[in-house]
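Peer 1: Got a sequence here, can you build the structure:
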Amino acid sequence: MTGKKIRVCPKCGSSRIREAKSSVSGWLVPSTYYCEEEGCGYSGTLYVEVDAEELETLRKVMNGDSETAASDH
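Peer 2: Numbering: from 1, shown residues only. A predicted model of the protein is given here:
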């Protein structure tokens, strides 16, 4: 059974990613997302979506700690 899906910033791994609202987003142009994490500054059309319980593993992999992340499974 899969858990709740959450959006994650592809740059820093934060779950504080939000959709920038505009009158043409998703209709004429792709939706733009921005990260609210201090010091990140990501803005783009992509985000990562993971199960909530997999968030910590994703952050470990993004930070280059793949050995620890592999042992979590």
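Peer 1: For this protein, which segments count as strands?
Peer 2: Using DSSP state E, the strands of the chain run over 5-8, 17-20, 32-35, 43-44, 48-51.
Peer 1: Reformat these into CSV and put mean neighbour count next to each item.
Peer 2: C-beta here means a position set from N, CA and C on the backbone, and glycine is covered the same way. Shown next, in CSV, are the strands of the chain (neighbours: other C-beta atoms under 10 Å):
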stretch, mean neighbour count
strand 5-8, 16
strand 17-20, 15
strand 32-35, 19
strand 43-44, 13
strand 48-51, 14
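Peer 1: now the ones you listed in CSV, with distance to residue 65?
Peer 2: Formatted as CSV, those follow (distance: least, C-beta to C-beta, whole Å):
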stretch, distance to residue 65
strand 5-8, 16
strand 17-20, 21
strand 32-35, 20
strand 43-44, 24
strand 48-51, 16
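Peer 1: Serialize those strands to CSV and add fields for distance to residue 64 and mean pLDDT.
Peer 2: Output for the strands of the chain, formatted as CSV (distance: least, C-beta to C-beta, whole Å; pLDDT from 0 to 100):
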stretch, distance to residue 64, mean pLDDT
strand 5-8, 17, 94
strand 17-20, 21, 92
strand 32-35, 19, 94
strand 43-44, 22, 94
strand 48-51, 16, 92
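Peer 1: Any idea which of the ones you listed gets closest to residue 59?
Peer 2: Nearest of the strands of the chain to residue 59, taken as C-beta to C-beta: strand 5-8 at 8.3 Å.
Peer 1: my guess is residue 32 meets residue 17, correct?
Peer 2: No: using C-beta atoms under 8 Å, residue 32 is not in contact with residue 17, being 10.8 Å away.
Peer 1: Isn't residue 14 up against residue 39?
Peer 2: No: between residue 14 and residue 39 there is no contact under C-beta under 8 Å: 10.2 Å.
Peer 1: what about residue 13, neighbour count?
Peer 2: Per other C-beta atoms under 10 Å, the neighbour tally for residue 13 reads 21.
Peer 1: Give me the distance between it and residue 57.
Peer 2: 10 Å (C-beta to C-beta, to the nearest Å).
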